[in-house]
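Trainee: sequence first, predicted coordinates after that:
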Amino acid sequence: MEILKVSAKSVPNSVAGAIAGVIREQGAVEVQAVGAGASNQAVKAVAIARGYLAPAGVDLICVPAFVNITIDNEERTAIKLIVEPR
């Protein structure tokens, strides 16, 4: 499953387009975000992606979870959103 990493500076419309593209090609995508700002942008992107895919009859669901990742040799906790069609 492809992983899209979102930062607080990510543009939600761009991330939404990436989510929609991966859903169309592979059927599911994992979106990772570290921190409140990044999580906010990621959730907005999922909501926008739902709008992009709705005209094609695709309804998205999002399953949130925590994941431990390493950034610059430092262990961090990220939010991961598994996004897939219903």
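Mentor: Cool, got the structure.
Trainee: how far out from the middle of the chain is the helix or strand encompassing residue 40?
Mentor: For residue 40, the element it lies in under DSSP states H and E is helix 36-53. Computed by CA atoms, centre = their mean, to the nearest Å, the separation of helix 36-53 from the middle of its chain amounts to 7 Å.
Trainee: my read: residue 83 touches residue 64, true?
Mentor: No: in this structure, residue 83 is not within contact of residue 64 by CB atoms under 8 Å, at 10.1 Å. C-beta here means a position set from N, CA and C on the backbone, and glycine is covered the same way.
Trainee: more neighbours: the two, which one.
Mentor: In this view residue 83 and residue 64 are compared by other CB atoms under 10 Å, and residue 83 has more residues nearby, 24 against 13.
Trainee: other SSEs contacting the host helix or strand of residue 62?
Mentor: Element membership for residue 62, per DSSP H and E: strand 60-71. When contacts are defined as 3 or more CB pairs under 8 Å, 6 or more residues apart in numbering; DSSP states H and E, strand 60-71 sits against helix 36-53, strand 74-85.
Trainee: export the ones you listed as CSV, with columns for distance to residue 4.
Mentor: Shown next, in CSV, are these (distance: least, CB to CB, whole Å):
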stretch, distance to residue 4
helix 36-53, 8
strand 74-85, 9
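Trainee: so which of the ones you listed is the most surrounded?
Mentor: helix 36-53 (a mean of 18; mean count of other CB atoms under 10 Å).
Trainee: average pLDDT for that helix, rounded please.
Mentor: On average, the pLDDT along helix 36-53 is 96.
Trainee: run through who's touching that helix.
Mentor: Helix 36-53 is contacted by residues 6-13, 15-17, 19-20, 23-24, 31-33, 59-60, 62, 79, 81, 83, 85 when judged by CB atoms under 8 Å, 6 or more residues apart in numbering.
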